[in-house]
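[1] dropping the sequence and predicted coords here.
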Amino acid sequence: MRLSLLQLAASASTLAHTRGQPVEVDGRHGGPSSHAASISVSSTSPFGLTFSNGVVSAENTAILVGETNRSATPISASNDGSIGDSTGHISFSAVNSQVAKITINTTSSFVGARFTTSESDHFYGIWEYPFKNRQLTNDGVNFEIKGVENVRGVNYANARSPFFITNAGYGVYTDTLEMGTYNFEQSGVAEFNFNSSSLVYYIILPKETDDYKSIITAYSELSNTIYMPPDSAYGPIYWSDDWEQDLHGLNNSQESYYDTITHLYDYQIHGTAMFADRPYGTGNYSYGNFDFDPEFYPTPGQFIANLSNWGFDFQVWAANRAFLYTELYNVSVANGWLFPGIDPEFFLGPALNLSIPEAYDYFKQHLSYYPSVGVKGYKIDRGEEGELPVYEQNTQIALFEQLCWETMEEKWGEGNFYNFARNIVDRSRSRSAVWNGDAQSNWTGLAFSVTSGIRSGLIGFSQSEANAIASSTSSLTHHTGQWGSDTGGYLRDLDDPHQELWSRWMWFSTFSPMYEIPIGTNHTPWYPTETNPYTPELVQVLKESTDLHYELFPFIKSYTYQAHKTGLPAIRAAFLEAPQDPKTYTMGESYFFGAEFFIAPIITPGGRRSVYFPEGGKYLEYFNKTAVHEGGTTTDVEMDVHAIPAYVRAGSIVPRGQIFRGNDRWTANWMPYLDIEVFPSAEVPQSRFWYYNGDADEEVIIEMIMEGGKVVVQYGNVALNGTISAFLKGGKQTAEIHSGGGSVVFEECESLFE
Ligand SMILES: *[C@@H]1O[C@H](CO)[C@@H](O)[C@H](O)[C@H]1NC(C)=O
Ligand SMILES: *[C@@H]1O[C@H](CO)[C@@H](O)[C@H](O)[C@H]1NC(C)=O
Ligand SMILES: *[C@@H]1O[C@H](CO)[C@@H](O)[C@H](O)[C@H]1NC(C)=O
Ligand SMILES: *[C@@H]1O[C@H](CO)[C@@H](O)[C@H](O)[C@H]1NC(C)=O
Ligand SMILES: *[C@@H]1O[C@H](CO)[C@@H](O)[C@H](O)[C@H]1NC(C)=O
Ligand SMILES: *[C@@H]1O[C@H](CO)[C@@H](O)[C@H](O)[C@H]1NC(C)=O
Ligand SMILES: *[C@@H]1O[C@H](CO)[C@@H](O)[C@H](O)[C@H]1NC(C)=O
Ligand SMILES: *[C@@H]1O[C@H](CO)[C@@H](O)[C@H](O)[C@H]1NC(C)=O
Ligand SMILES: *[C@@H]1O[C@H](CO)[C@@H](O)[C@H](O)[C@H]1NC(C)=O
Ligand SMILES: *[C@@H]1O[C@H](CO)[C@@H](O)[C@H](O)[C@H]1NC(C)=O
Ligand SMILES: *[C@@H]1O[C@H](CO)[C@@H](O)[C@H](O)[C@H]1NC(C)=O
């Protein structure tokens, strides 16, 4: 094969001329955000490229080509830059001072690349699912960029992105929906190849040493970020796997939702949405006739309007599956839209090939029935269960999530509905949030869910929602990337989840962007059964954990907005916040929530765990606000089910309050208010919080300065009245704040941290 290298150094000269001598590549080929870029590129023998911006170098040691996904091997170049005797070329350009873009065009069927770091380095990203028994890293993993199926801990935990980060300090993003393989089996080596004869990938260098956040942000600018979801997306969201059973003597499913509403009201437990998994319609597997089953939903339009009146949005299950003899199936068969070779009797529910425009249009038009009766989003399932060829998984799920988005967007407008999926590729981040798949309803499932949440953040899916940001290829893209897990797990035996497990999982959802919880089918906290003898304490924990999640809404929403603007997730791998501490690089059981909280969920029975605090600062236990822990130390925690090991860092600013009413009909004359908590520390003399007041055009900063016993908090237009609470030795001091902005001074303060 011969690769003409004429375009190798697009702005400078050919590779042959630059061998061994770094070439300056300027940013004039980049997009609008290019700075005066200076990424230097040098080649190595036989054919490799080193990219450096003076902070970090990325060793792209080989470009791989081949005829199968197993046989792609390094190409070698001769001194004049020609490779073999085939056609093709490689070109690159600097997009800006952080990003270099490489384009490979060949006549081979598979194209890829290899990167090397030192033996002990790790690679992160690509898949949400934590392989190898819950690893944060990808050490030893060799897998396609497709969904996992039935595996340990959580089935179908399938958010994925062709993007990895290495602790050697850089990231690599491959901009494609083609099927590919990532291989991390050799230590210090990352290899990928895709089922495509051409490929575009980006080397992403950090702004400063250890600035992994800047890599994720640069990746988001190339890919996409989440959009701001409706307030109802943050939850608690209640749902059932089958609202058609376990009716407690009620006449139909509608009554069963009302019964849930009444219980939540009586217990004064918050809620913002409900959804119906299957079954809810007619036909085989209750899906494909674009309706509600009148036996269980006699008056869908009125029913959904009533839910809205009580403060709940409503979503339904959807999938690209045509079950036998449904309307979707019959029409698809008549038109030849189903993927061939999948026996619809033996394997119920082949998928439609949505690359066929008529199939896409038909499906979209008929699915639009749901928004027409008031449904405000879909729980999007499947597309990775064998209903279509594996090599089409990424393209087809992207099309289906696009289709689902369009039916909702056309009815409600952007930001007014909430779609979420388990099977999602990064290009659909703008179209759907993520639930982490079918977790096993036991301690293994909880532990895997914690790690999958952290991993999701590293590929841009743990932020609360998607956004609108200029991308390299189009002007605006929009996304949702909010992440949550099925609280209590999904794959339940009759006696699952046990009360202790469920309680611990509820608290994990408190500190997740989205709190969603399956109830019903004999697993409802307030309906004890013989197999599930739940006590009122479980309802109490549900109330406490949802109260705190609800109170943290201003905090979580602000981080959602930050994710929308910068791609940075709310659930953060510890090394994003504490990269100076080597121990954070394999930490898969605790995480930062935003920059302020450090969370160490209890993931085993018995109420104990050991917590290691990352170096760099001090941490205050958040529930009692007395114990302070020094970074770099470990403590053994014992906790009852009314709390989670949660710590707030010295100097933190945490906006809380009640700013979205949801189902709160028990508070007479409900009014929104804000309560900004601050945790002053002389060791952190200045700190800031980027607050989102709902107006995208306004940047609102809350800033705290502590100097010699005096604490000054200045705040911009927070848009609500309320209070500031300063947590200090001797107790809490409180002052009023006003919507337009202002400042508050606390005198003679003694920090809890010193
Ligand atoms: C190659 O593709 C096949 C079919 O999708 C897959 O089963 C196999 O795991 C892939 N091999 C590699 C090394 O990616
Ligand atoms: C090279 O590959 C890229 C990425 O697939 C593609 O967009 C471009 O059209 C190709 N260029 C040529 C000359 O084939
Ligand atoms: C069920 O329907 C019957 C007949 O319409 C009605 O009398 C009864 O009150 C309903 N039960 C409940 C629990 O709503
Ligand atoms: C509306 O919902 C409430 C409580 O959720 C329920 O009690 C009431 O019967 C519903 N109204 C109608 C007309 O269905
Ligand atoms: C449902 O699917 C089964 C095959 O699993 C088929 O035998 C049956 O006829 C279908 N029922 C209806 C109502 O279409
Ligand atoms: C689909 O076709 C089958 C077989 O012809 C028929 O029995 C069934 O009623 C059709 N389904 C719908 C929803 O029309
Ligand atoms: C899906 O449809 C597209 C567009 O017609 C076609 O190119 C592709 O081959 C189809 N895929 C399969 C697996 O049939
Ligand atoms: C690669 O894609 C082609 C269709 O473009 C498909 O026929 C082939 O099976 C795929 N190979 C693998 C290994 O997935
Ligand atoms: C959780 O369930 C899975 C699947 O049944 C099982 O493999 C695993 O061992 C269970 N974990 C625990 C802690 O029981
Ligand atoms: C808070 O203090 C109370 C009383 O000492 C104790 O029972 C509880 O476990 C503590 N909670 C946490 C989260 O430390
Ligand atoms: C805040 O309080 C001021 C004065 O008490 C009042 O005029 C204003 O309307 C309040 N703003 C909001 C958003 O409630």
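    Great, that's in hand. Source: prediction; values computed, not measured. Ligands and ions are numbered 1, 2, ... in the order given.
[2] domain-wise, how is the chain divided?
    Each domain of the chain is listed here as a residue range: 2-218, 231-319+375-566, 574-649, 671-746, per automatic domain parsing.
[3] among the ones you listed, which is the most enclosed?
    Among the domains of the chain, ranked by average contacts under mean count of other CB atoms under 10 Å, first place goes to domain 231-319+375-566 (a mean of 22). For the C-beta atoms, the positions are set from N, CA and C on the backbone; glycine is no exception.
[4] ok, the helix or strand hosting residue 182 near ligand 1 or not?
    Here residue 182, judged by DSSP states H and E, is contained in strand 180-183. Yes: remark: strand 180-183 sits within contact range of ligand 1 at residue 181, by CB under 6 Å from any ligand atom.
[5] show the backbone phi and psi for residue 317.
    Dihedral pair for residue 317: phi -70, psi 140, per degrees, to the nearest 10.
[6] OK, contacts around it?
    Shown in contact with residue 317 (CB atoms under 8 Å, 6 or more residues apart in numbering): 275-278, 280, 287, 378-379, 381.
[7] for it, give the beta-bridge partners.
    residue 379 (DSSP bridges).
[8] which residue packs closest to the closest residue to ligand 1 within the chain, ignoring adjacent ones?
    Going by CB to the nearest ligand atom, ligand 1 is nearest to residue 181 of the chain, at 3.2 Å. Spatial nearest neighbour of residue 181, chain neighbours left out: residue 144 (5.1 Å); criterion: CB to CB, 6 or more residues apart in numbering.
[9] isn't that neighbour up against residue 390?
    Yes: here residue 144 reaches residue 390: they are 7.1 Å apart, a contact under CB atoms under 8 Å.
[10] now residue 444, what's its secondary structure?
    Classification of residue 444 by DSSP: H, G, I helix; E, B strand; the rest coil places it in helix.
[11] contacting residues around it?
    Contacts of residue 444 by CB under 8 Å, 6+ apart are 152-153.
[12] hang on, the earlier thing: enumerate every residue touching the residue of the chain closest to ligand 1.
    So residue 181 contacts 69, 112, 142-145, 192-193 (CB under 8 Å, 6+ apart).
[13] would you list those residues in JSON lines and tack on distance to ligand 11 and secondary structure?
    Below are the contacts of residue 181 laid out as JSON lines (distance: CB to the nearest ligand atom, whole Å; DSSP: H, G, I helix; E, B strand; the rest coil):
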{"residue": "69", "distance to ligand 11": "59", "secondary structure": "coil"}
{"residue": "112", "distance to ligand 11": "55", "secondary structure": "strand"}
{"residue": "142", "distance to ligand 11": "56", "secondary structure": "strand"}
{"residue": "143", "distance to ligand 11": "51", "secondary structure": "strand"}
{"residue": "144", "distance to ligand 11": "52", "secondary structure": "strand"}
{"residue": "145", "distance to ligand 11": "47", "secondary structure": "coil"}
{"residue": "192", "distance to ligand 11": "52", "secondary structure": "strand"}
{"residue": "193", "distance to ligand 11": "56", "secondary structure": "strand"}
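[14] so which residues of the stretch 301-450 of the chain form strands?
    Ranges of strands in the stretch 301-450 of the chain, per DSSP state E, counting those that start in this stretch, are 313-319, 378-381, 420-421, 423-425, 433-435, 438-439.
[15] and stretch 379-396, how far apart are its ends?
    Chord length of stretch 379-396, first to last residue, is 17 Å (CA to CA, to the nearest Å).
[16] chain center to that stretch, what's the gap?
    In this view, stretch 379-396 has its centroid 19 Å away from the chain centroid, taken as CA atoms, centre = their mean, to the nearest Å.
[17] ok, and does it reach over to ligand 7?
    Yes: using CB under 6 Å from any ligand atom, stretch 379-396 reaches ligand 7 at 389, 392.
[18] that stretch and ligand 2 in contact?
    No: judged by CB under 6 Å from any ligand atom, stretch 379-396 stays clear of ligand 2, getting no closer than 14.0 Å.
[19] mind checking the pLDDT average for that stretch?
    Mean per-residue pLDDT for stretch 379-396: 97.
[20] is it positioned near ligand 8?
    Yes: using CB under 6 Å from any ligand atom, stretch 379-396 comes into contact with ligand 8 via residue 391.
[21] returning to what we had before: lowest average pLDDT across the domains of the chain?
    domain 2-218 (a mean of 81).
[22] which ones are touching residue 691?
    Taking CB under 8 Å, 6+ apart as the test, what residue 691 contacts is 554, 558, 655, 700-702, 715-716, 718.
[23] out of the residues you listed, who's nearest ligand 3?
    Distances from ligand 3 to those, taken by CB to the nearest ligand atom, are shortest for residue 554, at 38.6 Å.
[24] re earlier: relative to ligand 5, which of the strands of the stretch 301-450 of the chain is closest?
    Per CB to the nearest ligand atom, nearest to ligand 5 of those: strand 313-319, 16.2 Å.
[25] gap between the closest residue to residue 198 other than its chain neighbours and ligand 10?
    Distances taken as CB to CB, 6+ apart place residue 105 nearest to residue 198, at 4.5 Å, with adjacent residues excluded. According to CB to the nearest ligand atom, to the nearest Å, residue 105 stands 59 Å off from ligand 10.
[26] I'd say residue 105 and residue 88 touch.
    Yes: here residue 105 reaches residue 88: they are 5.1 Å apart, a contact under CB under 8 Å.
[27] hmm, residue 487 is touching residue 514, no?
    No: with contacts counted by CB under 8 Å, residue 487 stays clear of residue 514, the gap being 10.0 Å.
[28] need the residues that contact the longest helix along the chain.
    The longest helix of the chain (DSSP state H) is helix 393-412. Residues from elsewhere that reach helix 393-412 (CB under 8 Å, 6+ apart): 145-147, 177-179, 318-320, 351, 353-355, 360, 363-364, 367-368, 370-372, 376-378, 380, 383-384, 388, 417, 419, 421, 423-425, 427-428, 431-432.
[29] span of stretch 486-505 from start to end?
    9 Å.
[30] could you number the chain from 296 rather than 1 from now on?
    Yep, numbering from 296; the last one is stretch 781-800 now.
[31] can you tell if that stretch touches ligand 10?
    No: using CB under 6 Å from any ligand atom, stretch 781-800 stays clear of ligand 10, coming no nearer than 13.1 Å.
[32] before we move on, what about stretch 937-947?
    Yes: counting by CB under 6 Å from any ligand atom, ligand 10 has neighbours in stretch 937-947: residue 938.
[33] then that stretch to PDB, C-alphas only?
    The C-alpha coordinates for stretch 937-947 follow below in PDB (Å, rounded to 0.1, in the frame of the first residue of the first chain):
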ATOM      1  CA  HIS A 937     -30.300   7.600  57.400                       C
ATOM      2  CA  ALA A 938     -27.100   9.000  55.800                       C
ATOM      3  CA  ILE A 939     -24.400   8.300  53.200                       C
ATOM      4  CA  PRO A 940     -20.700   9.100  53.700                       C
ATOM      5  CA  ALA A 941     -20.800  12.600  52.100                       C
ATOM      6  CA  TYR A 942     -18.200  15.300  52.700                       C
ATOM      7  CA  VAL A 943     -17.900  18.900  51.700                       C
ATOM      8  CA  ARG A 944     -14.600  20.500  51.000                       C
ATOM      9  CA  ALA A 945     -13.100  23.400  52.800                       C
ATOM     10  CA  GLY A 946     -14.200  26.700  51.200                       C
ATOM     11  CA  SER A 947     -17.200  25.200  49.400                       C
END
